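S.K.: no sequence for this one, just the structure:
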């Protein structure tokens, strides 16, 4: 039996609303090394987006390489397989491969092809060994696929259009056929992927998580052959199974990426393989380094919001600022309040929190309850500037424009017209 740990979407080097997350990433990687030792993990699979950007900082790269070195030092038997995500530079990620192989670490960033431009499946299929150096499984290490990375369609293929989706399907189908030809009895086949699976649940306001190609790349669970024992996915930051299949899942990101994850525990996935089959799946929560808070828990009027902020804990001398909670302020407004941010910053000046954003909400006006018909091009041309301002203001703030603002706008329009006439 072998134990395999699945994680993804580390996004090393990422900042959160302008705050660096170095200490959070360091804490996660330290914890991960301890977990590998504690659970006697044989192989670590990291399914893409190791870094947050294609050109990561020197500090982020040092943190990554220190992790690989320390993980190997503490667990000499450990195999590490990493694939590139859409945030990674595939070529940069693969650059140190000749050195990292000495640490039993394999990185697949670029899909290799031979002189005839056919995919080199042998380079994408990696063996996984147990501690007695007996081969227990094969891993289909597929990175994020860009246009043209996948195998070409046959000349007489029945597919009418050779789309990205059909190409990705071919990649997994043909690589699986190759894996079957290599495997022996009692050996399992695993798969990795960095993609958007059909039906995957995205976080509400995660700016770094998005459909990669306008949703055209969404891959159904049926694209993975039934003989695959486990599919380790990356790209979606919320841990979940796909299409109700326990063996096809996203591990999720180890750090929270948005305030929609305030009450959500991030995790890694530990699986066991025995005699060529999936034996067990366990999810292990990742310790939270810095809490996310919405204050108040629902939008309230400005005075009540400021009162709630004043009740937050005071900052103590010498406290670790990297562990201060990130705070999103929610306020209920009836009209724009430009001075409110300054009041919030004053209220939080000596508090042990980090302000990320102020999220305003506006009460729904009665006239907005009925559905409005969208304006036609002709109807838009008939609107005068004041009517356009009123509609835009009501759509954004869900309330009527004030008389003072309407008068100010009219005065500005009149002055602009007079200057133009002169």
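M.R.: That came in fine, so what should we check first? Predicted, not measured: the structure shown is a model, and the values here were computed from it.

S.K.: Just the strands from the stretch 301-422 of the chain, written as ranges.
M.R.: Assigned by DSSP state E, counting those that start in this stretch, the stretch 301-422 of the chain shows strands spanning 326-332, 354-361.

S.K.: How about the first one, which residues are buried there?
M.R.: Meaning strand 326-332. 326, 327, 328, 329, 330, 331, 332 (16 or more other C-beta atoms under 10 Å). (Glycine included, C-beta is placed from N, CA and C.)

S.K.: ok, back up a step: redo the strands of the stretch 301-422 of the chain as CSV? Include distance to residue 49 and mean pLDDT.
M.R.: Listed next are these as CSV, based on distance: least, C-beta to C-beta, whole Å; pLDDT from 0 to 100:
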stretch, distance to residue 49, mean pLDDT
strand 326-332, 21, 96
strand 354-361, 22, 94
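
S.K.: In CSV, list those strands along with distance to residue 297.
M.R.: CSV is the format used below for the strands of the stretch 301-422 of the chain (distance: least, C-beta to C-beta, whole Å):
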stretch, distance to residue 297
strand 326-332, 8
strand 354-361, 12
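
S.K.: So which of those is nearest residue 261?
M.R.: Smallest distance to residue 261 across the strands of the stretch 301-422 of the chain (C-beta to C-beta): 11.1 Å, for strand 326-332.

S.K.: strand partners of that closest one, parallel vs antiparallel please.
M.R.: Using DSSP bridges, the strands paired with strand 326-332 are strand 292-300 (parallel), strand 354-361 (parallel).

S.K.: Make CSV out of the ones you listed and add mean neighbour count and distance to residue 257.
M.R.: Output for those, formatted as CSV (neighbours: other C-beta atoms under 10 Å; distance: least, C-beta to C-beta, whole Å):
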stretch, mean neighbour count, distance to residue 257
strand 292-300, 16, 10
strand 354-361, 16, 12
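
S.K.: how about a markdown table for the ones you listed, with distance to residue 165 added?
M.R.: As requested, these are exported to a markdown table (distance: least, C-beta to C-beta, whole Å):
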| stretch | distance to residue 165 |
| --- | --- |
| strand 292-300 | 35 |
| strand 354-361 | 36 |
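
S.K.: could you pull out the helices for the protein?
M.R.: 22-38, 58-74, 90-94, 97-100, 121-124, 164-182, 302-310, 340-347, 377-382, 385-397, 403-421 (DSSP state H).

S.K.: which of those has the lowest average pLDDT?
M.R.: Mean pLDDT values for those show the minimum at helix 377-382, a mean of 58.

S.K.: returning to that earlier point: out of the helices of the chain, the one nearest residue 271 is which?
M.R.: The nearest among the helices of the chain, by C-beta to C-beta, is helix 22-38 at 13.8 Å.

S.K.: what sits up against the closest one?
M.R.: The contact list for helix 22-38 (C-beta atoms under 8 Å, 6 or more residues apart in numbering) reads 5, 7, 10, 12-14, 41, 44, 59-60, 63, 67, 70-71, 74-75, 78, 254-255, 268, 284, 286-287, 289-290, 320, 322-323.

S.K.: quick one: that helix to helix 58-74, angle?
M.R.: Orientation check (axes from the mean of the first three to the mean of the last three C-alpha atoms, to 10 degrees): helix 22-38 against helix 58-74 gives 10 degrees.

S.K.: still on that earlier bit, nearest to residue 176, out of the strands paired with strand 326-332?
M.R.: strand 292-300 (39.7 Å).

S.K.: one step back: out of the strands paired with strand 326-332, which comes closest to residue 308?
M.R.: strand 292-300 (4.8 Å).

S.K.: can you list the residues that contact the closest one?
M.R.: Taking C-beta under 8 Å, 6+ apart as the rule, strand 292-300 contacts 256, 259, 261-262, 304-305, 308-309, 312, 325-332, 353, 359-361.

S.K.: That's all I had, so thanks and see you.
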